[in-house]
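**Q** can you look at this prediction? I've put the sequence above it.
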Amino acid sequence: MKLMAKTRNIGISAHIDSGKTTLTERILFYCGEIHKIEDVRGGGDGATMDHMELEKEKGITITSAATTVWWRGFEGKGTTHAAGVDKDTRVNIIDTPGHVDFTVEVERSLRVLDGAILVLCSVSGVQSQSITVDRQMKRYRVPRLSFMNKMDRMGANPFKGRDALREKLGHNAVLMQIPIGAEDAFEGVVDLITKKAYYFDGDNGEKVRIEECPADLVDQMEEVRAEMIDAVAEFDDEVMEAYLEGNEPSEDDLHKCVKAGVNSLELTPVFMGSAFKNKGVQALLEAVARYLPSPLECEKPSAKREMKDGTEENIHLEPDPTKNLVMMAFKITDEQFGQLTYTRIYSGTLNKGDTVYNTRTKKKTRIGRIVRMMSNDRANIDEAHAGDIVALVGIDCASGDTFVGNDDDLDISCEGIHVPIPVIELSINVKDKAEQAKLSKGLQRFMKEDPTFHVFTDEESGETRIAGMGELHLEIYVERLKREYGCNPEVGAPQVNYRETITTETPFEYTHKKQTGGSGQFGQVVGTLRPLTADNKDAEDQVFKFHNEIKGGSIPGEFIGACEKGFEDVMDNGPLAAFPVIDCEVFLQDGKYHDVDSSDMAFRIAARQAMRKAIKNANPALLEPLMKVEVTTPDEYQGTVIGDLSSRRGLIQGTETDPNGEVIVNAEVPLSEMFGYSNDLRSATAGKASYTMEFARYAEAPSNIADDVMKKRAEKLANDD
């Protein structure tokens with residue numbers, strides 16, 4: 001329990017190129033895990049956490065990497081570990097990708113973490129992917145600190161960043177520091193609780209020098225400090241009451257208030273620095289140790305227990321090493337010596353040599369090796385406890401599997417992660433059988449590793465197709481096939497994953513009746529089909545919802561499940577162009593059955609036929625994926641960029657100017673119009689503009705576009721036949 005109290009499981013997340021990996025590299029250095037700082041770009045061996053060759057080449061993080069460090073406090077002359085912070089705090093860190101194509105890496109990391117650092121660029125503030133990451137943190141109720149990075153850059157403004165956190169993300173963001181100097185003259189920070197100035201000396205900022213607040217900053221410090229006290233005092237009634245009576249809170253009181261605010265998810269303390277220039281990172285580590293929760297303090301994780309009657313109940317997992325073992329595999333990778341499974345232990349103790357049970361497969365597995373990770377390096381350990389994040393070597397499982405310590409708990413399942421719908425696909429094939437085996441092996445591995453990477457065979461053409469979150473996502477996997485499996489696949493042109501839906505409510509009634517001698521088949525279903533709107537969804541990604549409104553036993557309860565399956569069967573192929581159907585809500589209201597001839601199969605067939613007819617009668621429509629596009633361009637090219645996006649059927653949602661004078665254009669553009677945009681944008685702006693793109697939503701395609709898509713789809717299906 002004592003070690004668990006000193007453990008912090010945190011993630012570092014942000015918009016792409018905000019400095020997450022650079023920050024993690026400095027944390028490793030200041031905690032003594034590495035002795036030389038490597039940077040994401042610019043030669044050398046590349047950042048420690050970016051261990052894949054593709055990551056080093058492209059200068060981006062592709063997979064989340066885990067590491068464990070020990071924070072022992074400031075090492076500078078005349079400094080000690082800040083009062084109230086546990087010495088030797090163990091910090092398990094997961095550095096996650098910023099590029100939206102690899103968003104599932106962020107999802108599965110946040111699922112198992114107790115706290116997070118939201119990194120913002122102090123020049124650009126809240127960017128498009130910052131919004132996505134924040135939504136993910138809120139989904140898993142992860143307490144967070146914010147770090148305003150790149151304070152050495154021209155236009156850096158932590159006050160503007162704080163305001164953007166409040167206005168764009170709805171955070172109760174409060175500055176805990178003010179900067180000493182700005183841009184090229186940025187020297188350090190003034191801590192608003194202690195009123196002390198922190199400077200970071202030495203070749204790599206490793207010596208923390210603490211002095212009095214510079215005289216020219218005292219007035220500003222007192223003003224911002226008063227704002228901070230006003231904001232944080234409300235998280236402790238006694239402190240607030242004393243403060244209202246004119247008594248200034250002590251340092252310990254303020255720390256207690258900040259921690260309470262962070263753990264309630266109602267406060268986001270804002271720190272600042274420059275990871276690249278080695279300033280401010282140690283103060284952030286102090287805040288991690290002081291304010292983010294340990295596994296004992298965080299909101300208890302939940303799991304589901306399947307009851308004997310088929311229903312489920314939510315249970316809370318106690319972070320107690322003496323309880324029964326419950327752990328979840330949240331990420332897997334295949335390596336030279338077998339599968340490496342990243343695991344969060346929620347309850348109990350795991351020992352080397354233990355036998356554990358997979359609650360999905362109902363099979364038992366013996367634990368051969370347990371390792372603590374440092375990026376792609378590892379240290380063997382003999383045991384791990386509740387609150388730990390460790391990796392297991394050589395066990396066979398899938399991402400999201402739950403393991404328990406005894407077969408009495410096989411009905412427990414930890415909650416899974418939100419997996420976005422893939423929006424792009426392409427065909428992939430190889431020339432000979434030898435390469436076919438390599439291709440198949442690689443694709444199976446990638447699909448097991450990444451829930452957003454899909455592999456399927458086109459039923460009409462027989463060709464193998466892969467689907468994912470974007471062009472870069474699939475490009476990375478094709479490149480990995482070449483490098484890791486030695487095959488040279490031929491890749492077809494990217495294609496959009498269209499969907500179909502209904503636009504009006506329609507009733508349905510269908511009777512399935514078949515008599516072939518002996519017992520026959522009989523089942524009747526009656527009800528209503530309605531469009532499923534955002535207001536009616538139980539989850540963000542829900543596409544089908546079933547309501548059982550049968551009264552009086554007109555359809556016996558044992559056949560209701562078969563009816564639901566029958567309705568859902570039809571969702572795979574819509575009536576317009578055989579694309580999957582989404583956003584349908586079925587109300588089963590009446591029906592008939594026969595004592596002898598009714599069966600699960602009869603009602604499933606009845607539901608299928610009823611659903612097919614109902615969808616056709618409900619004014620079906622073709623949907624296309626719209627992408628949220630953010631383009632950053634010099635002002636001189638603003639008109640060119642906006643004109644080009646408009647020509648791609650883009651809806652311009654607004655523009656803003658960043659501190660460097662560049663224009664940020666926000667738009668929603670159909671994915672089908674964005675293929676090749678990177679090269680077009682580079683050509684149109686002399687290589688000076690950049691963009692990010694992520695899936696926004698599905699929307700009804702214009703009639704001319706829908707007609708064209710359906711025509712091409714019909715031709716393809718005819719040719720395949």
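**A** Perfect, thanks for sending it.
**Q** can you name the element that comes right after the lowest-mean-pLDDT helix or strand in the chain?
**A** Using mean pLDDT, DSSP states H and E, helix 53-58 stands out as the lowest-scoring helix or strand of the chain, at a mean of 51. Once the chain leaves helix 53-58, the next helix or strand it forms, by DSSP states H and E, is strand 65-71.
**Q** which strands and helices sit next to that next one?
**A** In terms of contacts (3 or more C-beta pairs under 8 Å, 6 or more residues apart in numbering; DSSP states H and E), strand 65-71 is packed against helix 20-30, strand 89-95, helix 281-291, strand 369-374, strand 389-393. Placement of C-beta: from N, CA and C, glycine included.
**Q** again, 6 Å this time
**A** strand 89-95, strand 369-374 (3 or more C-beta pairs under 6 Å, 6 or more residues apart in numbering; DSSP states H and E).
**Q** so, low pLDDT: which residues of the stretch 301-450 of the chain?
**A** 309-310, 336-337, 374-376, 416-418 (pLDDT under 70).
**Q** cool, and the stretch 1-150 of the chain?
**A** In the stretch 1-150 of the chain (pLDDT under 70), the answer is 1, 39-65, 75-87, 95-105.
**Q** for it, what spans make up the helices?
**A** 2-5, 20-30, 53-58, 103-112, 128-139 (DSSP state H, counting those that start in this stretch).
**Q** extract the CA atoms of the last one and return them as PDB.
**A** Output of helix 128-139 as PDB, limited to C-alpha atoms (Å, rounded to 0.1, in the frame of the first residue of the first chain):
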ATOM      1  CA  SER A 128      -7.800  20.900 -33.200                       C
ATOM      2  CA  GLN A 129      -6.300  17.700 -31.700                       C
ATOM      3  CA  SER A 130      -6.100  19.400 -28.300                       C
ATOM      4  CA  ILE A 131      -9.900  19.300 -28.400                       C
ATOM      5  CA  THR A 132     -10.000  15.600 -29.400                       C
ATOM      6  CA  VAL A 133      -7.600  14.700 -26.600                       C
ATOM      7  CA  ASP A 134      -9.600  16.700 -24.100                       C
ATOM      8  CA  ARG A 135     -12.700  14.900 -25.100                       C
ATOM      9  CA  GLN A 136     -11.000  11.600 -24.600                       C
ATOM     10  CA  MET A 137      -9.800  12.600 -21.100                       C
ATOM     11  CA  LYS A 138     -13.300  13.600 -20.200                       C
ATOM     12  CA  ARG A 139     -14.700  10.300 -21.500                       C
END
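**Q** packing partners of that helix?
**A** helix 103-112.
**Q** which helices and strands sit right next to the helix it packs on?
**A** For helix 103-112, the packing partners by 3+ C-beta pairs under 6 Å, 6+ apart are strand 7-14, helix 128-139, strand 326-335.
**Q** hey, which of those is tucked in deepest?
**A** strand 7-14 (a mean of 27; mean count of other C-beta atoms under 10 Å).
**Q** what pairs with it, parallel or antiparallel?
**A** Applying DSSP bridges, strand 7-14 is found paired with strand 89-95 (parallel), strand 115-121 (parallel).
**Q** for it, the distance to its chain's centre please.
**A** Its chain's average C-alpha position is 13 Å from that of strand 7-14, according to C-alpha atoms, centre = their mean, to the nearest Å.
**Q** orientation of it relative to helix 20-30 in degrees?
**A** Relative orientation of strand 7-14 versus helix 20-30 (axes from the mean of the first three to the mean of the last three C-alpha atoms, to 10 degrees): 150 degrees.
**Q** quick one, strand 7-14 and helix 103-112 angle?
**A** 150 degrees.
**Q** with only the CA atoms kept, save strand 7-14 in CSV.
**A** C-alpha atoms of strand 7-14 as CSV (Å, rounded to 0.1, in the frame of the first residue of the first chain):
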residue,chain,number,x,y,z
THR,A,7,2.7,5.6,-7.6
ARG,A,8,1.4,7.9,-10.3
ASN,A,9,0.1,6.4,-13.6
ILE,A,10,0.1,9.3,-16.1
GLY,A,11,-0.2,9.9,-19.8
ILE,A,12,1.2,12.8,-21.8
SER,A,13,-1.2,13.9,-24.6
ALA,A,14,-1.5,16.9,-27.0
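**Q** quick one: it to strand 389-393, angle?
**A** 90 degrees.
**Q** okay, which residue is most central for this structure?
**A** The centroid of the chain falls nearest to residue 107 when counting by C-alpha atoms, centre = their mean (2.4 Å).
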